[in-house]
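# sequence? don't have it. structure:
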């Protein structure tokens with residue numbers, strides 16, 4: 001029978017006495033049912049953790065040449081999970097139960113809508129975007145934004161959340177069923193209407 005040495009027991013005692021690092025999902029109080037402007041040239045800023053020092057995310061809409069809606073983070077600070085299709089880095093639509101973690105592709109800029117592209121995430125209607133941002137102490141946090149692109153009307157960031165512990169992955173909650181309709185290709189038609197109104 002093997003017995004533990006005094007050194008091993010001492011190490012165990014130190015580990016047991018060390019304070020635990022608690023992590024929790026923090027829901028943003030500054031991003032709740034926040035509208036995304038689709039006026040030509042508009043930029044809508046969001047600060048997920050409400051530190052009031054930087055705008056961590058900007059939604060930019062432009063109808064010049066090719067209508068598009070971008071989600072952009074400050075260079076080297078905020079990134080969004082993306083997937084490539086038709087030559088664009090689109091925001092990767094996530095669902096409840098999906099994980100936001102560093103094995104995914106992240107980019108400073110992700111397209112939410114590109115005129116005429118069926119791959120645009122906006123056609124999904126309701127989905128989540130996995131994001132990262134750097135807090136005021138330069139620590140990296142993983143989080144998500146819940147987005148809703150209705151068949152008609154203004155798109156919104158329904159809510160946002162992040163992990164309080166830096167570098168900790170998180171799982172998107174599973175929503176109640178049938179909260180949002182999925183418009184499919186109709187979402188593109190809505191953006192085309194916005195574009196025609198501004199032409």
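Noted; the coordinates are in hand. Note that this is a predicted model, so its numbers are computed, not measured. Numbers count the residues shown, from 1 in each chain.

# which residues sit against the top strand by length along the chain?
Determined from DSSP state E, the single longest strand within the chain is strand 25-35. Around strand 25-35, the neighbours that count as contacts under Cβ atoms under 8 Å, 6 or more residues apart in numbering are 44, 46-50, 145, 154-164, 170. The way it works is simple: take the backbone N, C-alpha and C, and place the C-beta from them, glycine included.

# next secondary structure after that strand?
Under the assignment DSSP states H and E, the closest C-terminal helix or strand after strand 25-35 is strand 43-46.

# related to what we said a few turns ago, now list the buried members of the contacts of strand 25-35.
Buried members of those, counted by 16 or more other Cβ atoms under 10 Å: 44, 46-49, 145, 155-164, 170.

# state the distance from residue 91 to residue 40.
21 Å (Cβ to Cβ, to the nearest Å).

# neighbour-wise, which of these two wins?
Taking neighbours as other Cβ atoms under 10 Å, residue 91 and residue 40 compare with residue 91 leading, 30 against 15.

# my guess is the more buried one meets residue 111, correct?
Yes - using Cβ atoms under 8 Å, residue 91 is in contact with residue 111, at 6.7 Å.

# which neighbours do the two have in common?
Counting by Cβ under 8 Å, 6+ apart, the common neighbours of residue 91 and residue 111 are 71, 121.

# that older thread, which of the buried ones among the contacts of strand 25-35 fall in strands?
Reading strands off the buried ones among the contacts of strand 25-35 with DSSP E, I get 44, 46, 145, 156-163, 170.

# now do the SS call for residue 122.
Assigned with DSSP: H, G, I helix; E, B strand; the rest coil, residue 122 falls in the helix class.

# could you check the pLDDT of it?
At residue 122, the predicted lDDT confidence score is 92.

# I'd assumed residue 67 was in contact with it.
No - under the criterion of Cβ under 8 Å, residue 122 makes no contact with residue 67, lying 10.8 Å away.

# tell me the contacts of the residue lying closest to residue 77 once chain neighbours are set aside?
Once flanking residues are discounted, residue 77 sits nearest to residue 134: 4.5 Å by Cβ to Cβ, 6 or more residues apart in numbering. Contact analysis of residue 134 by Cβ under 8 Å, 6+ apart lists 77-78, 140-141.

# likewise for residue 138?
Contacts of residue 138 (Cβ under 8 Å, 6+ apart): none.

# that's a strand at it, yeah?
No - the assignment for residue 138 (three-state DSSP) gives coil, which keeps it out of a strand.

# list the buried residues of stretch 124-143.
Across stretch 124-143, burial judged by 16+ other Cβ under 10 Å covers 124-135, 140-143.

# wait, which of those residues is closest to residue 56?
Closest to residue 56 out of these is residue 133 (4.5 Å), distances taken as Cβ to Cβ.

# contacts only, for that closest one.
By Cβ under 8 Å, 6+ apart, the contact set of residue 133 is 48-49, 56-57, 73, 77-78, 140-141, 143, 162.

# done for today, thanks.
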